[in-house]
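Peer 1: coords please:
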Amino acid sequence: QVQLVESGGGLVQAGGSLRLSCAASGRTFRRYAMGWFRQAPGKERELVAAISGSGVTTYYADSVKGRFTISTDSAKNTVYLQMNSLKPEDTAVYFCAADTYGYTYIHHSPNEYDYWGQGTQVTVSS
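Peer 2: Modelled structure (predicted):
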């Protein structure tokens, strides 16, 4: 079992920055792909950034490329999402998730992820 706990969400003005953290406990996630998803009201959950278990491959949604960066700290069992130049359309609940079969490949569907955090709200005001 893996437990994931997100933190770092909040209210920020457009153009500002936030860093989300996802702390994992239980089994190490070293071989798992880790993804950050978001879900806005009335919309489907979408993958915004992910990193493969090997650390070699990353993915960013077109809407966040150049603004968001995913990183991991294996010593702390933590995954980060640095979000810069935030826009009102980035407002959503952000979830981190672990894919136990994602060592070399990044899955985009939330159905492929086995463990989820509880989510953290990010609100960007205009």
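
Peer 1: What strand or helix carries C22?
Peer 2: Per DSSP states H and E: C22 is located in strand 18-26.

Peer 1: Show me what whatever helix or strand comes next after that strand packs onto, helices and strands only.
Peer 2: As assigned by DSSP H and E, the chain's next helix or strand after strand 18-26 is strand 33-39. Counting by 3 or more C-beta pairs under 8 Å, 6 or more residues apart in numbering; DSSP states H and E, the packing neighbours recorded for strand 33-39 are strand 18-26, strand 46-51, strand 68-73, strand 78-83, strand 92-99. Using the backbone N, CA and C atoms, a C-beta is placed for each residue, glycine as well.

Peer 1: rerun that using 10 Å as the cut-off
Peer 2: Helices and strands touching strand 33-39, by 3 or more C-beta pairs under 10 Å, 6 or more residues apart in numbering; DSSP states H and E, are strand 18-26, strand 46-51, strand 58-60, strand 68-73, strand 78-83, strand 92-99, strand 115-116.

Peer 1: Name the residues of it that are buried.
Peer 2: A33, M34, G35, W36, F37, R38 (16 or more other C-beta atoms under 10 Å).

Peer 1: on that earlier part again, any idea of the angle the strand holding C22 forms with strand 68-73?
Peer 2: 30 degrees (axes from the mean of the first three to the mean of the last three C-alpha atoms, to 10 degrees).

Peer 1: any idea how far strand 18-26 is from the chain center?
Peer 2: Mean-position distance between strand 18-26 and its chain equals 9 Å (C-alpha atoms, centre = their mean, to the nearest Å).

Peer 1: So for it, what gets flagged as buried?
Peer 2: Neighbour-count burial for strand 18-26 [16+ other C-beta under 10 Å]: L18, L20, S21, C22, A23, A24.

Peer 1: sorry, back to before: tell me which of the helices and strands packed on strand 33-39 is the most buried.
Peer 2: Of all those, strand 92-99 carries the top mean neighbour count, a mean of 24, counting by mean count of other C-beta atoms under 10 Å.
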